[in-house]
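Colleague: Dropping the sequence and predicted coords here.
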Amino acid sequence: MHIIFETERLILRQFTIADAALILQLNSDPEVLKYLHEPALYNITDAENIIENIILPQYERNLGRWAVLLKPGNIFLGWCGLKYRPELQETDLGYRFLRNTWGNGYATEAAVSTLHYGFNTLELDTITGRAHIENAASIKVLEKTGMEFIREETVDDCLVRTYTITKDIFSKRRK
C-alpha cells in the first residue's frame, strides 16, 4: 500500500488494479454521479479500465486520485486528489465519496490536506476546483478549503462554478 499522506481520521493512498471493486461500488451509485455527467459503471472490467487508463497514469506525475480510507480499519470512503488537466493547463482538485459517508466532513478534511500536500510537497503554485452549479455540497467543500470563486463556465459540457487558490493565499489562511 503506497500511502500518500494521513490526516487525523483518514489515510490517502494510491489505487491499484486490485481496487476495481471499490471504484465499481463508488461509480455505480446514480446519486454519487448525479452532477458528474458520467455513465454509471456496471461491471468490474469498466472499473479496471478507469484505474488503468485514467487513475494510474497520473501517478507518474506524482499526482492522482487517491483512495480515501477511514482509520481504523481502512474502510473505503471514496477518493480525493489532484489531477493535471493538460487541455486546461491546470492542476485540479477533485473528490468523490460514497453516499453513506456524506455529511461527516471527510471530503473537506481530505481536500484541505490534499491542497496542503499539493502546495508544500509538490510545490504547486495554483490549484483549481470545480463543481456543478447545482451541487451545493461540493461547492461548500471548495469554499471550506479557502478556495475563491472565479466564475461560472462550461467545462466538459457541464455548467460549473470554478474556484482557485494559490500557495500564498492557502498558507496565509491556514496560519
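Modeller: Great, that's in hand. Numbers count the residues shown, from 1 in each chain.
Colleague: For the protein, which segments count as strands?
Modeller: 3-6, 10-13, 64-70, 75-85, 90-97, 126-132, 148-155, 158-166 (DSSP state E).
Colleague: Reformat those as JSON lines; add mean pLDDT, mean neighbour count and distance to residue 50.
Modeller: For glycine as for every other residue, the C-beta is placed from the backbone atoms N, C-alpha and C. Output for these, formatted as JSON lines (pLDDT from 0 to 100; neighbours: other Cβ atoms under 10 Å; distance: least, Cβ to Cβ, whole Å):
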{"stretch": "strand 3-6", "mean pLDDT": "97", "mean neighbour count": "15", "distance to residue 50": "19"}
{"stretch": "strand 10-13", "mean pLDDT": "98", "mean neighbour count": "20", "distance to residue 50": "17"}
{"stretch": "strand 64-70", "mean pLDDT": "97", "mean neighbour count": "24", "distance to residue 50": "10"}
{"stretch": "strand 75-85", "mean pLDDT": "97", "mean neighbour count": "20", "distance to residue 50": "11"}
{"stretch": "strand 90-97", "mean pLDDT": "97", "mean neighbour count": "20", "distance to residue 50": "12"}
{"stretch": "strand 126-132", "mean pLDDT": "97", "mean neighbour count": "21", "distance to residue 50": "19"}
{"stretch": "strand 148-155", "mean pLDDT": "96", "mean neighbour count": "11", "distance to residue 50": "19"}
{"stretch": "strand 158-166", "mean pLDDT": "96", "mean neighbour count": "18", "distance to residue 50": "18"}
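Colleague: Any chance of these in a markdown table with distance to residue 42 as columns?
Modeller: A markdown table is the format used below for the strands of the chain (distance: least, Cβ to Cβ, whole Å):
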| stretch | distance to residue 42 |
| --- | --- |
| strand 3-6 | 29 |
| strand 10-13 | 26 |
| strand 64-70 | 20 |
| strand 75-85 | 19 |
| strand 90-97 | 17 |
| strand 126-132 | 23 |
| strand 148-155 | 26 |
| strand 158-166 | 22 |
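Colleague: out of those strands, nearest to residue 32?
Modeller: Among those, strand 90-97 comes nearest to residue 32, with 6.4 Å by Cβ to Cβ.
Colleague: now what about that closest one, what contacts it?
Modeller: 26, 32, 36, 63, 65, 68, 77-85, 106-107, 110-111, 114-115, 118, 124, 126-130, 138, 141-142, 145, 147 (Cβ atoms under 8 Å, 6 or more residues apart in numbering).
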